[in-house]
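Student: Predicted model and sequence below, questions to follow.
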Amino acid sequence: MVRQRDQDIRFLRGFINTLNANLHVAQLGRVYRTNEDNSLVDIQPLALNSSGTKRAPLINVPVGLVARQYIKEGAVVLVQFLDRSKENWNRTSNREFPIGSKRMHDVNDAVVSEVMWVEGH
């Protein structure tokens, strides 16, 4: 006989796993396209989905100033996902901005913080 406590624990473990699966913090990816000044890149995440398929690419991801010096096509980068939406952030003014949506830890709010590997280094 299954006790209520066992069902509660099973539910909570499943709930935690679901939350973790939808919480984006950081991942590794390979750059497959850069713009002229390396300030924006397109990235293919390296970790496959649990089904073994590729994850969706990350498009027009801003690159940190230091990482721009080393980034190029084929580089493996550390991509982080901001706690809040960067939707209203203006890269040229860098002023405070209102939150554009309620999304948190979302793949749409990716930034490249580091170049982890590049051929020749």
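Tutor: Noted; the coordinates are in hand. Numbers count the residues shown, from 1 in each chain.
Student: What part of this protein, helix or strand, is modelled with the least confidence?
Tutor: helix 4-21 (a mean of 84; mean pLDDT, DSSP states H and E).
Student: Listing partners with orientation, what would you give for the following helix or strand past it?
Tutor: Remark: after helix 4-21, the chain's next helix or strand is strand 26-34, criterion DSSP states H and E. Here strand 26-34 has these sheet partners by DSSP bridges: strand 40-45 (antiparallel), strand 76-81 (antiparallel).
Student: Mean neighbour count and mean pLDDT for those strands - can I get that in a markdown table?
Tutor: In this view, the C-beta of every residue, glycine as well, is placed from N, C-alpha and C. Below are those laid out as a markdown table (neighbours: other CB atoms under 10 Å; pLDDT from 0 to 100):
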| stretch | mean neighbour count | mean pLDDT |
| --- | --- | --- |
| strand 40-45 | 20 | 98 |
| strand 76-81 | 20 | 97 |
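Student: can you redo the ones you listed as TSV with distance to residue 89?
Tutor: TSV is the format used below for those (distance: least, CB to CB, whole Å):
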stretch	distance to residue 89
strand 40-45	13
strand 76-81	14
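Student: related to what we said a few turns ago, need the CA coordinates for the least confident helix or strand of the chain. PDB is fine.
Tutor: Taking Å, rounded to 0.1, in the frame of the first residue of the first chain, the C-alpha atoms of helix 4-21 are listed here in PDB:
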ATOM      1  CA  GLN A   4       0.300   9.600   1.300                       C
ATOM      2  CA  ARG A   5       3.700  10.700   2.500                       C
ATOM      3  CA  ASP A   6       5.400   8.600  -0.300                       C
ATOM      4  CA  GLN A   7       3.100  10.100  -2.900                       C
ATOM      5  CA  ASP A   8       4.000  13.600  -1.600                       C
ATOM      6  CA  ILE A   9       7.700  12.900  -1.800                       C
ATOM      7  CA  ARG A  10       7.400  11.500  -5.300                       C
ATOM      8  CA  PHE A  11       5.400  14.600  -6.400                       C
ATOM      9  CA  LEU A  12       8.000  17.000  -4.900                       C
ATOM     10  CA  ARG A  13      10.900  15.200  -6.500                       C
ATOM     11  CA  GLY A  14       9.100  15.300  -9.900                       C
ATOM     12  CA  PHE A  15       8.300  19.000  -9.300                       C
ATOM     13  CA  ILE A  16      11.900  19.900  -8.500                       C
ATOM     14  CA  ASN A  17      13.100  18.000 -11.600                       C
ATOM     15  CA  THR A  18      10.600  19.900 -13.800                       C
ATOM     16  CA  LEU A  19      11.800  23.300 -12.300                       C
ATOM     17  CA  ASN A  20      15.400  22.400 -12.800                       C
ATOM     18  CA  ALA A  21      14.800  21.400 -16.400                       C
END
